[in-house]
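A.B. asks: Quick one, structure for this:
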Amino acid sequence: MSTSAVEVSGEKVKAIWDKRLIEIFCNICIKEILKGNRPGTHFTKDGWLKIMTNFEKETSKAYSQRQLKNRWDALKKEWNAWKKLKGKDTVLG
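C.D. replies: As a prediction, this is how the structure comes out:
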């Protein structure tokens, strides 16, 4: 879980991620990648702005760019770990 917080009217709001939010976030990111808003290894400023806007529109959650970037980085680490494990043969069959 992400522990980043964004201030809303003086209060910090913790980003809570469930399966549904992660799926929505991933789908939005995929759309932005396909639109060319991730020309290299990072999203463009415009890409992040669209991700934040669309995420809030679809979820009614106003997470900051930092919170979304932290989730992106965490998901990328999980994906790389899964790929590494998946590529290894096990004696379990």
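
A.B. asks: Would you mark the buried spots in stretch 44-55?
C.D. replies: G47, W48, K50, I51, M52, N54, F55 (16 or more other Cβ atoms under 10 Å). (Each C-beta comes from the backbone N, C-alpha and C, glycine too.)

A.B. asks: who touches that stretch?
C.D. replies: Contacts to stretch 44-55, defined as Cβ atoms under 8 Å, 6 or more residues apart in numbering, come from residues 24-25, 28-29, 31-32, 35, 37-38, 43, 61-65, 68-69.

A.B. asks: circling back to that earlier point, which single one of the buried residues of stretch 44-55 is nearest to R20?
C.D. replies: Comparing the buried residues of stretch 44-55 against R20 with Cβ to Cβ picks out F55 as the nearest, at 12.0 Å.

A.B. asks: What are the boundaries of the helices in the protein?
C.D. replies: For the chain, the helices defined by DSSP state H occupy 19-34, 45-59, 65-87.

A.B. asks: so where's the protein shaky on pLDDT?
C.D. replies: Low-confidence segments of the chain (pLDDT under 70): 1-12, 89-93.

A.B. asks: Taking the centroid of the protein, which residue is nearest it?
C.D. replies: Residue closest to the mean C-alpha point of the chain, counted by Cα atoms, centre = their mean, is W72 at 3.4 Å.
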